[in-house]
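Participant: Please work out how this folds:
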Amino acid sequence: MAEDPKVFIDPIPSSVVVFEPDWFLRGHFERGTVGEEVVVTNWQQFEETFGAHGEAARNAYEFFKGAVGSRLRVTRIGAEEKP
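Facilitator: Predicted coordinates:
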C-alpha cells in the first residue's frame, strides 16, 4: 500500500513583510474637516466622522460591508473641488 503524500508548509521568512494596502476616498461629506486626511477602520467610525449620506458615503459603506479592506484614508473636499 502506498504511503499518503506528505504536505510541507514553509513558514513565511521573517524578511517578508505582509501588509494591507491603504485605500483612499475623496468626496463631499456631511461633516468633517475639509482637506484633512483621516484614517477610518470601520463603517461606524466613518459614519460618526463624516456622516452616512451621499454617493461617497455609500462607497465607504460598500468598502467596509464588502470586506474590500479594513483601512480607508478619507479626505473631505470642498464644494468647488471635484473628487
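
Participant: Show residues contacting stretch 70-81.
Facilitator: Contact partners of stretch 70-81, identified using Cβ atoms under 8 Å, 6 or more residues apart in numbering, comprise 20, 22-29, 31-42, 46, 49-50, 60, 63-64, 83. (Glycine included, C-beta is placed from N, CA and C.)

Participant: repeat for stretch 42-55
Facilitator: Contact with stretch 42-55 is made by 27-32, 38, 40, 57, 60-61, 64-65, 70, 72, 74, 76, as judged by Cβ under 8 Å, 6+ apart.

Participant: Separate out the buried members of the residues you listed.
Facilitator: Listed as buried from these are Gly27, His28, Phe29, Val40, Ala57, Ala60, Phe64, Leu72, Val74, Arg76; burial here means 16 or more other Cβ atoms under 10 Å.

Participant: Tell me where this protein has strands.
Facilitator: For the chain, strands defined by DSSP state E occupy the ranges 23-27, 37-40, 72-76.

Participant: can you redo those strands as JSON lines with mean pLDDT?
Facilitator: Formatted as JSON lines, the strands of the chain follow (pLDDT from 0 to 100):
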{"stretch": "strand 23-27", "mean pLDDT": "86"}
{"stretch": "strand 37-40", "mean pLDDT": "92"}
{"stretch": "strand 72-76", "mean pLDDT": "89"}
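
Participant: just the helices in this structure please.
Facilitator: For the chain, the helices defined by DSSP state H cover 43-50, 55-65.

Participant: That's all I had, so thanks and see you.
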